[in-house]
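**Student:** Pasting a predicted model and its sequence here:
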Amino acid sequence: MDEDQLDLLFHAMASQPRRAILELVRENAGCNLNFVAGHFEFSRIGVMKHLDVLEAANLVISQKNGRDRELYFNPVPLQEVHEHWTDHYSRHFAARLTNLKRVVEQQTKGRK
């Protein structure tokens with residue numbers, strides 16, 4: 001994932017209404033704009049703008065079905081970020097734990 005996509009993802013997730021829309025789409029795969037808009041007090045246009053941001057971040061995928069657009073949650077971008085950050089930090093902490101283990105083993109060998 002490049003830096004621009006990462007910025008889009010974090011921008012999309014930084015908004016509470018967008019997170020609520022994303023959760024609604026996740027729980028109701030294949031729902032449409034009217035269904036989503038019915039759960040919020042702001043306008044249908046406002047919901048559309050939030051969905052545009054979520055789609056730009058590739059968190060929501062829409063498929064045309066006749067006159068409707070079916071909405072689906074795409075977990076891949078979140079999984080990629082999770083793997084990037086956890087892999088990076090887990091390697092760091094694993095290396096530190098390995099070094100600590102060596103130090104402790106050396107100290108215990110010196111006491112025998």
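**Tutor:** Received the coordinates, thanks. Numbering: from 1, shown residues only.
**Student:** in the helix or strand bottoming out on mean pLDDT in the chain, what counts as buried?
**Tutor:** Of all helical and strand segments in the chain, the minimum by mean pLDDT, DSSP states H and E falls on helix 76-111, at a mean of 80. For helix 76-111, burial by neighbour count (16 or more other C-beta atoms under 10 Å) applies to 77-78, 81. Heads up, the C-betas are built off the backbone N, CA and C, glycines and all.
**Student:** how does this protein divide up, domain by domain?
**Tutor:** Domain assignment for the chain, taken from automatic domain parsing, gives 3-74, 76-112.
**Student:** Tell me how far the first one lies from the chain's centre.
**Tutor:** The one in question is domain 3-74. 13 Å (C-alpha atoms, centre = their mean, to the nearest Å).
**Student:** re earlier: want to try JSON lines for the buried residues of helix 76-111, with distance to residue 31 as columns?
**Tutor:** Below are the buried residues of helix 76-111 laid out as JSON lines (distance: C-beta to C-beta, whole Å):
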{"residue": "77", "distance to residue 31": "20"}
{"residue": "78", "distance to residue 31": "19"}
{"residue": "81", "distance to residue 31": "25"}
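**Student:** quick one: which of those residues is nearest residue 101?
**Tutor:** Nearest to residue 101 among the buried residues of helix 76-111: residue 81, at 30.1 Å, using C-beta to C-beta.
**Student:** before we move on, back to that, counting by contacts, list what the least confident helix or strand of the chain packs against.
**Tutor:** helix 3-13 (3 or more C-beta pairs under 8 Å, 6 or more residues apart in numbering; DSSP states H and E).
**Student:** And the next helix or strand after the helix it packs on, what's buried?
**Tutor:** Going down the chain from helix 3-13, the next helix or strand is helix 16-27, by DSSP states H and E. By neighbour count on 16+ other C-beta under 10 Å, the buried set for helix 16-27 is 18, 21-22, 24-26.
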